[in-house]
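sequence below, structure please.
(4 chains)
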Protein chains: 4
Amino acid sequence: MCRLLGYLGSPISLEKLLYSPEHSLIVQSYQPREMNSGVLNADGFGVGWYHSQKDTNPFTYKNILPIWNDVNLPTLSRYVESRCVLGYVRSATAGQAVDLSNCQPFESDRLLCIHNGRIENFRQTLYRAIRDRLSDVAYQGIKGNTDSEHIFALLLDELQAQPSATLEQALQTVLLDLDRLAKSHQVAASINMIVSDGHRLVASRFASDQQAPSLYWLRDDPAFPEAVIIASEPIFAGNWNSFPEQSIITVGEDLEIEIHQI
Amino acid sequence: MCRLLGYLGSPISLEKLLYSPEHSLIVQSYQPREMNSGVLNADGFGVGWYHSQKDTNPFTYKNILPIWNDVNLPTLSRYVESRCVLGYVRSATAGQAVDLSNCQPFESDRLLCIHNGRIENFRQTLYRAIRDRLSDVAYQGIKGNTDSEHIFALLLDELQAQPSATLEQALQTVLLDLDRLAKSHQVAASINMIVSDGHRLVASRFASDQQAPSLYWLRDDPAFPEAVIIASEPIFAGNWNSFPEQSIITVGEDLEIEIHQI
Amino acid sequence: MCRLLGYLGSPISLEKLLYSPEHSLIVQSYQPREMNSGVLNADGFGVGWYHSQKDTNPFTYKNILPIWNDVNLPTLSRYVESRCVLGYVRSATAGQAVDLSNCQPFESDRLLCIHNGRIENFRQTLYRAIRDRLSDVAYQGIKGNTDSEHIFALLLDELQAQPSATLEQALQTVLLDLDRLAKSHQVAASINMIVSDGHRLVASRFASDQQAPSLYWLRDDPAFPEAVIIASEPIFAGNWNSFPEQSIITVGEDLEIEIHQI
Amino acid sequence: MCRLLGYLGSPISLEKLLYSPEHSLIVQSYQPREMNSGVLNADGFGVGWYHSQKDTNPFTYKNILPIWNDVNLPTLSRYVESRCVLGYVRSATAGQAVDLSNCQPFESDRLLCIHNGRIENFRQTLYRAIRDRLSDVAYQGIKGNTDSEHIFALLLDELQAQPSATLEQALQTVLLDLDRLAKSHQVAASINMIVSDGHRLVASRFASDQQAPSLYWLRDDPAFPEAVIIASEPIFAGNWNSFPEQSIITVGEDLEIEIHQI
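Alright, predicted model coming up:
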């Protein structure tokens, strides 16, 4: 279990997004409220963001320390302003190294991706099966050893194979493929994921043979007007909507919300 | 607030002392039960131990990561066997750097020292006043900037100034001096400390104008026979004795306990 | 010995400043050419910069790893664009902890500061003498234990005490004070320093009883037009000017250079 | 390129082995003399050792910092005494993360292994081909992404498949397999490896289509009597023997040397 945060809207400083909310990602790192497993998210963190004026590849910042102990993040958060941000605090699976390579967001060209959930007993179950399905490019691009990065690799391959597919279509295909694969191996899986190309957010709440982790969205809160926020746990009191189970929600550049039941 | 652990007795592997107990120092790092302030002890850790055969300076191992994320500690814990061990998990005062220099135990020649507690608003209150009292040697020996290390420096100076004083006498003198200093500056202070020379443990539960943090001792538990354990929180169910407030307890080489009310 | 870099001029991406030059700060970290002592600058690094549009406190990014191993710096360097940048790679004095608190630049309100040089045997010589001269505010503000940070604290106190003094006047006063102090303690000292308030660069090449480390400046190079660069070693072939020994050079907002012999 | 060190003989403190020699592994980290590529070995390090009395799995200690900056190693080196030690300082391939998972020695049950050399352009060449040959157990056991760990995985599989084979026979089989595989992919490879089970050292100097890195051995030097040392570079002046190219050398419990030409 980790905690996810996505933001799309008018330009915002990371400081306001990460530090101001009373139940911010920083608070969720040491006092999360809705974890299915684990008690903390103190095994590293990462943020990713897009330039607010230039159409370039996104930017990321990661550390293996607990987010509250990073001395650079406060100053970077004052500096960075963006229309599109992903944030992530990690709860490592026991025995997983806290290597930077396993810190999210993962990126590939214009895409950023964060994942919360798990494939049950990943190393002994779907690890090799997933890798065997990957193209050489996706295979060689994997740097760490988390289930999360492997799911993202499947998504990259799907986008490569179906250039005309939208991000949400590709994500749905991957989720259904993984569902079949998980069932055939009789393992549970949960895939709460937020993906972005800098213009839109695409997020899933999905599980195979288990309860999906919590995921919420909120639009145009007075404190964050002209914006949609997606979060594993509400980061402040407000009119948060729970994602339906087994759904993909897309947030467009116009901040319109579309909910697809899978 | 941090969590302390002291062990004196028959040779024990660090593995058994650190990993086996159900409420071990590792568990206390993410789920402590008796903290006066703070919710975790995930801002680094350290262990110190003495050679079980050779009469040499002690050994320490420290890291700024949460203790549960250190990949070296499990293997070192399998290797190290000692009659005298100090262990420590840190809850840094907000805004304190998680530098290694601030990780305990502190050491000087044969002595090891760990401290739990705080001098209220240390930087703005007793920081300079304490430093001004130090000898040049103690002054130059300070590497970090915690109140803990400064209290240890006072102890080293006292031992230097009174070569015939025992460790517990020197500690008592320092506690009383600090009590006066704290009162004169109208600041609260708490000083739970465990000091060792490898042969004995000397520990204090002491506070000035506030409640002292918890501290317990246990002797000859069936699971740890021929040994005394001192801990901020009982590390397993057993006949733990709470330190009286304002006391110094010494554990001799024969494991005899002496309780001095200050 | 460390390596320093200062930039003032038209907005530049950190990427171009830090990564493009053939003898960049990154190269100087593993293959420096003009070190008086030490062979590498691999004990951490830092960069500081000012916002190119907003008049706010500066920003810093630091790490204790060698600069070439930082995974975040390449992406941050793509993102950050500034008119005023300080960069620093560290060669720690043997036995100094590689704590983040000892990584430069140091900052205070609008000021950034980097220092190359050393006070001979600092801990045993001027450490306490300098601290004893500091105001409480400057004293309490020191987070690490380098000579560099203590010299910066003297500068902050001088600016506080002489509000009408310019940065270069305050720096000169500090250098002369330190020269006297060093001579009275019969220790050598060298103080190559770059200080900025975001509008100007003020840099010294100064030594007491030893040779000052190298320091160069360059203006309006074709590759970096409308800019002045100051560097411990030329970062590319060009018309670099060596600082005179015992001098302070100021670079104004108009990029005019003024050389003051001390 | 990295630098390797192996020791087998009478019990020795790590301190003497790692710190005393004038061209120790620590010196080789910042001033190596015989590197085919790279200029430093400052991208982490590791040591592995066996208990001098108990027949148990070996112990390792690793860090991603340059070896000279580790504060724990000096004290651990004072504590650890062993008959069989492997040491390693890393020069990471450009772009490789300095994750702990990529720090050697690698271990599996009683075996420790360190590797110096490289498979040319590994990710794009033999990475997937090697993985496809691995058993599930060896496949799932890989934690990082270095060519070194993959070669060790091949060795583990070979030992599993041929339980009656000696360590040197298994290593030879792996080297010849890799030679064929490298040639079929038209890539160069070099495999200087030291493997131990705590009783013997087995080391190779081997390359496919390129020059093998340097490797030396020394027996019964006056400073290290009753011992064999294997090292990428002589760690002090003495009667060092260069490994023949394409050879495997075994050092038995009786310290007898056997040289096998491959």
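
and for stretch A:136-150, what's in contact with it?
A:93, A:96-97, A:99, A:101-102, A:104, A:106, A:108, A:114-115, A:118-119, A:122-123, A:126-127, A:130-131, A:134, A:153-154, A:156-157, A:160, D:97, D:99, D:101, D:123-124, D:127-128, D:142-143, D:145 (Cβ atoms under 8 Å, 6 or more residues apart in numbering or on different chains). Any C-beta I mention is one placed from the backbone N, CA and C, and that applies to glycine too.

wait, A:Leu29 sits on A:Asp43?
That one is not Leu; residue A:29 is Ser. No. A:Ser29 is not in contact with A:Asp43 according to Cβ atoms under 8 Å; the separation is 9.3 Å.

shared neighbours of those two, which are they?
In contact with both A:Ser29 and A:Asp43: A:Pro66, using Cβ under 8 Å, 6+ apart.

and the residue nearest the centre of chain A?
Residue closest to the average C-alpha location in chain A (Cα atoms, centre = their mean): A:Ile114, at 2.3 Å.

from C:Leu76, how far off is that residue?
19 Å (Cβ to Cβ, to the nearest Å).

list the buried residues of stretch A:124-136.
Neighbour-count burial for stretch A:124-136 flags A:125-128, A:130-131, A:133-134 (criterion: 16 or more other Cβ atoms under 10 Å in any protein chain shown).

with stretch A:229-246 instead?
By neighbour count on 16+ other Cβ under 10 Å, the buried set for stretch A:229-246 is A:229-236, A:240, A:243, A:246.

from those residues, which single one is nearest chain D?
A:Ser232 (25.8 Å; Cβ to the nearest Cβ).

for the closest one, what are its contacts?
Residues in contact with A:Ser232 (Cβ under 8 Å, 6+ apart) are A:2-5, A:28, A:32, A:34, A:116, A:192, A:213-216.

pull out the buried residues from the residues you listed.
For the contacts of A:Ser232, buried by 16+ other Cβ under 10 Å: A:2-5, A:28, A:32, A:116, A:192, A:213-216.

closest one of those residues to A:Pro66?
Using Cβ to Cβ, A:Gln28 comes nearest to A:Pro66 of those, at 11.5 Å.

element containing that closest one, please.
Using DSSP states H and E, A:Gln28 falls within helix A:25-30.

do that helix and chain B meet?
Yes. Between helix A:25-30 and chain B, judged by Cβ under 8 Å from any Cβ of the partner chain, the touching residues are A:Tyr30.

and that helix, average pLDDT?
Mean pLDDT, taken over the full extent of helix A:25-30, equals 96.

packing partners for that helix?
strand A:3-13, strand A:81-89 (3 or more Cβ pairs under 8 Å, 6 or more residues apart in numbering or on different chains; DSSP states H and E).

how about a cut-off of 6 Å?
strand A:81-89 (3 or more Cβ pairs under 6 Å, 6 or more residues apart in numbering or on different chains; DSSP states H and E).

what pairs with the helix or strand following the strand it packs on, parallel or antiparallel?
For strand A:81-89, the succeeding helix or strand toward the C-terminus, using DSSP H and E, is strand A:106-108. Taking DSSP bridges as the criterion, strand A:106-108 forms sheet pairs with strand A:111-119 (antiparallel).

do you know the pLDDT at A:Gly95?
67.

run a quick neighbour tally on whichever residue of the stretch 1-150 of chain A sits closest to chain D.
Nearest residue of the stretch 1-150 of chain A to chain D (Cβ to the nearest Cβ) works out as A:Asp99 at 3.6 Å. Neighbourhood size, A:Asp99 [other Cβ atoms under 10 Å in any protein chain shown]: 25.

name the element the residue of chain A positioned farthest from its centre belongs to?
For chain A, the largest distance from the centre (Cα atoms, centre = their mean) belongs to A:Ser184, which lies 25.6 Å off. Here A:Ser184, judged by DSSP H and E, is contained in helix A:167-185.

so what's the nearest residue to A:Gly198 once chain neighbours are set aside up against?
Excluding the flanking residues, the one nearest A:Gly198 by Cβ to Cβ, 6 or more residues apart in numbering or on different chains is A:Tyr50, at 3.8 Å. If you count contacts by Cβ atoms under 6 Å, 6 or more residues apart in numbering or on different chains, A:Tyr50 has them with A:58, A:82, A:84, A:198.

10 Å instead?
A:8, A:56-59, A:82-86, A:110, A:112, A:196-199 (Cβ atoms under 10 Å, 6 or more residues apart in numbering or on different chains).

now swap in A:Pro222 and tell me
A:Pro222 neighbours (Cβ under 10 Å, 6+ apart): A:Gly238.

any idea how far it lies from chain D?
Going from A:Pro222 to chain D by Cβ to the nearest Cβ, to the nearest Å gives 42 Å.

nearest spatial neighbour of A:Gln160, chain-adjacent residues omitted?
A:Ser135 (6.7 Å).

thinking again about what came up before, selecting buried members of the contacts of A:Tyr50 in PyMOL, what would you type?
Filtering the contacts of A:Tyr50 down to the buried ones (16+ other Cβ under 10 Å) takes a single PyMOL command:
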select buried, chain A and resi 8+57+58+59+82+83+84+85+86+112+196+198
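
A:Leu112 against A:His199, yeah?
No. The criterion here is Cβ atoms under 10 Å, and A:Leu112 misses it with A:His199 at 11.7 Å.

could you pull up the mean pLDDT of stretch A:132-148?
Here the average pLDDT along stretch A:132-148 is 96.

tell me which residues of it are tucked away?
Neighbour-count burial for stretch A:132-148, counted by 16+ other Cβ under 10 Å, picks out A:133-134, A:138-148.

mark which of these are part of helices, please.
Mapping those onto helices (DSSP state H) picks out A:133, A:138-141, A:147-148.

rewinding a little: okay, and the common contacts of A:Leu112 and A:His199?
Counting by Cβ under 10 Å, 6+ apart, the shared contacts of A:Leu112 and A:His199 are A:50, A:84.

still on that earlier bit, nearest to chain B, of the contacts of A:Ser232?
For the contacts of A:Ser232, the nearest to chain B is A:Pro32 (11.7 Å; Cβ to the nearest Cβ).

wait, is A:Leu76 part of a helix?
Yes. Counting by DSSP: H, G, I helix; E, B strand; the rest coil, one finds A:Leu76 located in a helix.

endpoints of stretch A:212-228, how far apart?
From its first residue to its last, stretch A:212-228 covers 21 Å (Cα to Cα, to the nearest Å).

go on, stretch A:142-153?
Stretch A:142-153 end-to-end distance (Cα to Cα) = 7 Å.

my read is that A:Leu167 contacts A:Leu155, right?
Yes. Checked against Cβ under 10 Å, the pair A:Leu167 and A:Leu155 is within contact range at 8.4 Å.

thinking A:Leu8 is in contact with A:Leu218, fair?
No. Between A:Leu8 and A:Leu218 there is no contact under Cβ under 10 Å: 11.5 Å.

common neighbours of those two, please.
By Cβ under 10 Å, 6+ apart, the residues touching both A:Leu8 and A:Leu218 are A:227-230.
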